[in-house]
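1. Got a predicted model here, sequence first, then my questions.
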Amino acid sequence: MRMILEIELLDEPGQLVKALEPISSYGGNIREITHLRDRKRGNSIPVIITFDLEDKDKLESITQALKRQDIPVIRAEPVRSMFGKTVILVGHVFATNIKDTIDRILETQVIVKEVTARIKRPEEVSTVKFRIEAETEEKLEETVKTIRKVGEEKNLFVVWS
Amino acid sequence: MALVGFGNVGKAVARVIVEKRDLLQKIGFEPVVVAVFEKNGSWIDENGLNLQEILQKGESSPAWVEGASAKEHIPEMDCDIVVEMTVTNIKDGEPGLTHIREALKSDKDVVTSNKGPLVLAFPELMDMAEKKGRILLYEATVGGAIPVFHVAREALLINRITAITGILNGTSNYILTKMTEEKVSFNAALREAQEKGYAEADPTYDVEGIDAASKLVILANGILGLRKKLSDVQIEGITRITPEMVELAMEDGYLVKHIGYVDRDRVEVMPRLIPRSSPLAVGGTLNVISLRTDVAEEITLIGRGAGPRETSSAILGDILHIHRVREGY
C-alpha cells in the first residue's frame, strides 16, 4: 500500500538518512522524496516521502520511531486515489435552500472541493458548479443520482461530467 | 431500382449515380432506375430512366406521369431495390412506412433514409424482411454519412457491442458550439443556426432531443439488438443550458454536449459535460458515434450528420451492399 509521510527536517547533512532509516527497517520501499524548500521556516524544511509498505499497521511504528528521534511528523497516511466529477445546476439554486442541497450532497460521503456560482439578478436563474471527489467512481455515480433527485424536487437543471 | 422521394436527398442520390457511372461500372454495378416517385407524380420507364434528363428537365421530361403514386406502383413494379427517401414523420411514419411494407411484401430489397418507419416499427419491418428473405438497410437514418451500421455489421462482427454513445444531431451541436465559442445565449445561438439554415423555423425536434432520441432508438435496435421505442428514451433538451454553465464547465476542462447513450440498462439523450480531450468533443454540425466493444474496445466514428450529398454516400453504400450480397460476393 502506498503511504505518504510529511515530516520536518533540519537543513543539515545527514538528516534525511536518519529519517529514512525507520522506513526501511519496517520494510518500506521508498518511491519519491520531495523537499519543499519554498516552505522553509527557519532552519526547518518540510519533506514529503512516499513509499510502499506491505503491512499498513507498521506505519504507526515508523511514526513513533521518527518522533523518538525528534523528527516532527506533520502527517502519515495511506495515499488514496481520488476520482472527481463536476456537477452544474441551473435554476433558482439559492432560493431553493442551497444549504440543504449541499448537506444532501455531503450525506453521500463525498468531498465537495469547490463551489462556484454565477448570479445575475435575484429573479433570474443562477448557475452553480460543484466539484466533488470520492474514492470510487461508484460513489460519485451515487452522488449524481442524489443530486438529480434533488434537482427534480427543486426544478433545477442538472448536468454532470 | 426505384427511387421514392425526390427532394434534396433523392436528387443527390440521382446526381451521384450519374457522376459515378464509370466507377460503378468498374465494380460491376450498372444501376437501372425504372421509377422515380415524388409527391405529385413520377417518372417511369421500365427500360431505365435517364436520370440526368430528369434532374435537368423535371416534370417536363417525357417520362413524367402526373399523379402516379409510389404506394400504388410499388407492389406491381418490376425492380429489385426500392430506395425510400421521403420526408421523416415520427408520428405515424407515413408515407414511408407504407412504401417499405409494400416493397417488402412484393419481394423487393429496401434501402431507406427515413427514420420514422424504423423508429415506429423496427421489429415489424425486420421480421417482415426476414420472412420474405429480403434485405432492409437504413444506414442514412443515423449520423448522415457515418457508416456506423456497416462498421458494426461487417468490420466489428467478431465483437460484442455493449454500449453506444454519440452526438446525433448536428443542429444542437452547432448551437452548443456557438454558445461555447462566442459566449452567447441559447436563443442567440439558435437564431444564428436558423439564419444559416442549420435549424428549422420550428427547432423543437432538434433542440428538445427528439430527433437524437429517434436515432438512438434505431442504433439500439439495429446494433445492440434491443427492442426500444421512442417512449423508452429519457430525453432532456438543450434549451436550459446557460452561457454561465458553458463557462463554468470550461474552467474544469469540459464542454457541454448533447449526448445520446444506450446500453442494456439505460437509454437517454441529455446534456453532459465531456472532457475537451474526448473523441466525443466534436464541434460545429459534426456528428460522432462511439461503440464500446469487447474486443476492439472503443471505436469512434466522426462525420457529417446531414447534407443531401453526404447522406447519399450512406444510401449508395447500402445499395452497393445489397448488390454485392445478391451477386454472391
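-> Happy to help now that I have it.
2. Any residues of chain B in contact with chain A? List them.
-> Proximity of chain B to chain A, by CB under 8 Å from any CB of the partner chain, involves residues B:236, B:240-242, B:244-245, B:247-249, B:251-252, B:254, B:256, B:270-275. C-beta coordinates here come from the backbone N, C-alpha and C atoms, glycine included.
3. Mind checking which of the residues you listed land in helices?
-> B:244-245, B:247-249, B:251 (DSSP state H).
4. Closest one of those residues to B:Ser290?
-> Nearest to B:Ser290 among these: B:Ala249, at 19.8 Å, using CB to CB.
5. thinking again about what came up before, among the residues of chain B next to chain A, name the buried ones.
-> Those of the residues of chain B next to chain A that meet the buried threshold are B:236, B:240-242, B:244-245, B:247-249, B:252, B:254, B:256, B:270-274, by 16 or more other CB atoms under 10 Å in any protein chain shown.
6. picking that back up, adding pLDDT and distance to B:Ser113, write the ones in helices among the residues of chain B next to chain A out as TSV.
-> Listed next are these as TSV, based on pLDDT from 0 to 100; distance: CB to CB, whole Å:
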residue	pLDDT	distance to B:Ser113
B:Glu244	96	39
B:Met245	97	34
B:Glu247	97	38
B:Leu248	97	39
B:Ala249	97	34
B:Glu251	95	41
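7. any idea how far the residue of the stretch 1-150 of chain B found nearest chain A is from B:Phe29?
-> The nearest approach of the stretch 1-150 of chain B to chain A comes at B:Gly143, 23.3 Å away (CB to the nearest CB). Look at B:Gly143 and B:Phe29: by CB to CB, to the nearest Å, they are 24 Å apart.
8. Mind checking which of the two has more residues around it?
-> A direct count of neighbours by other CB atoms under 10 Å in any protein chain shown for B:Gly143 and B:Phe29 places B:Gly143 higher, at 31 against 17.
9. So chain B: which segments form each domain?
-> Annotated domains of chain B cover B:2-144+B:308-327, B:155-304 [automatic domain parsing].
10. now the farthest one out in the chain, which residue is it?
-> All of this refers to chain A. What lies farthest from the middle of chain A is A:Glu123; by CA atoms, centre = their mean that is 36.3 Å.
11. actually chain B
-> B:Glu251 (35.1 Å).
12. tell me the contacts of that one?
-> Residues near B:Glu251 by CB atoms under 8 Å, 6 or more residues apart in numbering or on different chains: A:116, A:129.
13. same thing with A:Thr116?
-> Contacts of A:Thr116 (CB under 8 Å, 6+ apart): A:128-129, B:248, B:251.
14. Make JSON lines from those and add distance to B:Ile175 to it.
-> Formatted as JSON lines, the contacts of A:Thr116 follow (distance: CB to CB, whole Å):
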{"residue": "A:Val128", "distance to B:Ile175": "23"}
{"residue": "A:Lys129", "distance to B:Ile175": "21"}
{"residue": "B:Leu248", "distance to B:Ile175": "18"}
{"residue": "B:Glu251", "distance to B:Ile175": "21"}
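15. With respect to B:Gln56, which of those residues is nearest?
-> So of the contacts of A:Thr116, ranked by how close each gets to B:Gln56 (CB to CB), first place is B:Leu248, at 54.5 Å.
16. ok, the closest residue in space to the closest one that isn't next to it in sequence - contacts?
-> Of all residues not flanking B:Leu248 in the chain, A:Lys129 sits nearest, at 4.2 Å (CB to CB, 6 or more residues apart in numbering or on different chains). Going by CB under 8 Å, 6+ apart, A:Lys129 touches A:86-89, A:114-117, B:248-249, B:251-252.
17. pull the CA atoms of the lengthiest helix in chain A into PDB?
-> Secondary structure of chain A per DSSP H: the longest helix is helix A:137-154. Extracted as PDB, the C-alpha positions of helix A:137-154 are listed here (Å, rounded to 0.1, in the frame of the first residue of the first chain):
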ATOM      1  CA  GLU A 137     -16.400   6.100  -9.200                       C
ATOM      2  CA  GLU A 138     -19.400   4.200  -8.000                       C
ATOM      3  CA  LYS A 139     -19.700   6.600  -5.000                       C
ATOM      4  CA  LEU A 140     -19.600   9.500  -7.400                       C
ATOM      5  CA  GLU A 141     -22.400   7.900  -9.500                       C
ATOM      6  CA  GLU A 142     -24.500   7.500  -6.400                       C
ATOM      7  CA  THR A 143     -23.900  11.200  -5.600                       C
ATOM      8  CA  VAL A 144     -25.000  12.200  -9.100                       C
ATOM      9  CA  LYS A 145     -28.200  10.200  -8.600                       C
ATOM     10  CA  THR A 146     -28.900  12.100  -5.300                       C
ATOM     11  CA  ILE A 147     -28.200  15.400  -7.000                       C
ATOM     12  CA  ARG A 148     -30.500  14.500  -9.900                       C
ATOM     13  CA  LYS A 149     -33.200  13.700  -7.300                       C
ATOM     14  CA  VAL A 150     -32.700  17.000  -5.500                       C
ATOM     15  CA  GLY A 151     -32.800  18.700  -8.900                       C
ATOM     16  CA  GLU A 152     -36.200  17.100  -9.800                       C
ATOM     17  CA  GLU A 153     -37.600  18.200  -6.400                       C
ATOM     18  CA  LYS A 154     -36.400  21.800  -6.700                       C
END
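18. so B:Gly93, which of the three states?
-> At B:Gly93 the chain is in coil, as set by DSSP: H, G, I helix; E, B strand; the rest coil.
19. Touching, it and B:Val119? I think so.
-> Yes: between B:Gly93 and B:Val119 a contact is recorded at 7.5 Å, counting by CB atoms under 8 Å.
20. Any buried residues in the helix or strand A:Leu9 falls within, and which?
-> Assigned by DSSP states H and E, A:Leu9 belongs to strand A:2-10. Buried residues in strand A:2-10, defined by neighbour count with 16+ other CB under 10 Å: A:3-9.
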